[in-house]
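Peer 1: Give me a model of this one.
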Amino acid sequence: MSISAEMVRKLREETGAGMMECKSALVEASGDSDKARDILRKKGLASAAKKAGRAANEGMIGTYIHPGNRVGVLIEVNCETDFVAKTPDFQALVKDIAMHIAAASPAAALYVSKDEVPADVLEKEKEIYKAQAAAQGKPHAVQDKIAQGKLKEYYATFCLLEQPFVKEPKLSVGQLVQEKIAVIKENIVIRRFARFKLGEDSGARPAQAAETATVGA
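Peer 2: You can find the predicted model right below:
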């Protein structure tokens with residue numbers, strides 16, 4: 001199948017990948033744009049993982065105030081250079097994540113990543129899940145497996161990077177950031193955030209050294 005310039009242009013607009021990368025993906029996918037997007041996504045995530053260890057000390061403090069002025073979010077997102085911090089792609093990402101946090105319930109997203117969850121909290125959760133399994137008559141041998149499965153649900157509720165992205169639930173917030181890393185070509189770190197709702201207590205999450213979007217991916 002011949003790959004037209006229009007097919008390449010459209011795929012580039014959808015993914016942010018280079019012209020040659022888009023053409024190569026379309027050739028590999030025999031012209032199927034959905035398969036080509038998957039190919040580019042896999043390559044992009046692999047590239048993003050390589051950037052995870054790089055220092056990210058620039059970036060921006062983003063804000064989002066929900067209509068009605070009753071819910072607001074402050075968030076710090078870091079990148080490697082001041083140049084990238086000023087780009088529309090990066091700023092749109094920060095806004096999208098702030099909007100996601102605003103849409104979450106007050107109890108959600110207590111942590112940025114799984115690594116922030118204290119060990120004693122995890123142990124307590126495991127004990128609860130195992131006790132529930134035992135109460136259901138599950139054999140002792142499978143109680144640990146059940147507890148591990150429940151922990152994944154816990155992470156998806158309380159860890160920002162593990163949550164389904166509100167605008168595209170098929171992606172986690174961490175995957176969203178990884179894809180943006182592949183486009184921007186710099187490491188991106190969600191450092192900390194605070195969600196405020198009128199009349200409720202709120203607090204900023206502490207900064208974490210070397211917290212990246214690829215943690216737990």
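Peer 1: In contact with the closest residue to Lys167 other than its chain neighbours, which residues are there?
Peer 2: Leaving aside its sequence neighbours, Lys167 sits nearest to Asp96 (C-beta to C-beta, 6 or more residues apart in numbering; 6.6 Å). Bear in mind the C-beta positions are built from the backbone N, C-alpha and C, glycine included. Residues in contact with Asp96 (C-beta atoms under 8 Å, 6 or more residues apart in numbering) are Phe165, Lys167, Leu176.
Peer 1: Tell me how far the host helix or strand of Asp96 lies from the chain's centre.
Peer 2: According to DSSP states H and E, Asp96 maps onto helix 88-103. A distance of 11 Å separates the centroid of the chain from that of helix 88-103, by C-alpha atoms, centre = their mean, to the nearest Å.
Peer 1: Repeat that for stretch 25-34.
Peer 2: Counting by C-alpha atoms, centre = their mean, stretch 25-34 comes out at 26 Å from the chain centroid.
Peer 1: For Arg191, which non-adjacent residue is closest in space?
Peer 2: Per C-beta to C-beta, 6+ apart, closest to Arg191 is Glu76, 4.2 Å.
Peer 1: would you say the one you found is within a strand?
Peer 2: Yes - counting by DSSP: H, G, I helix; E, B strand; the rest coil, Glu76 is located in a strand.
Peer 1: Do I have it right that it meets Ile61?
Peer 2: Yes - contact criterion C-beta atoms under 8 Å: Glu76 and Ile61 qualify, at 5.4 Å.
Peer 1: who's more crowded, those two?
Peer 2: Glu76 (18 against 12; other C-beta atoms under 10 Å).
Peer 1: so what's the more buried one scoring on pLDDT?
Peer 2: Confidence at Glu76, expressed as pLDDT, is 96.
Peer 1: With Ala55 instead?
Peer 2: 66.
Peer 1: before we move on, what about Gly216?
Peer 2: pLDDT, Gly216: 34.
Peer 1: got it, and Lys42?
Peer 2: At Lys42, the pLDDT value in this model is 68.
Peer 1: Show the average pLDDT along the helix holding Asp96.
Peer 2: Taken as a whole, helix 88-103 has an average pLDDT of 94.
Peer 1: one step back: list buried residues within the contacts of Asp96.
Peer 2: Among the contacts of Asp96, the ones that count as buried by 16 or more other C-beta atoms under 10 Å are Phe165, Leu176.
Peer 1: ranges for the strands of the protein?
Peer 2: Counting by DSSP state E, one finds strands in the chain at the ranges 58-65, 71-79, 164-165, 168-172, 189-197.
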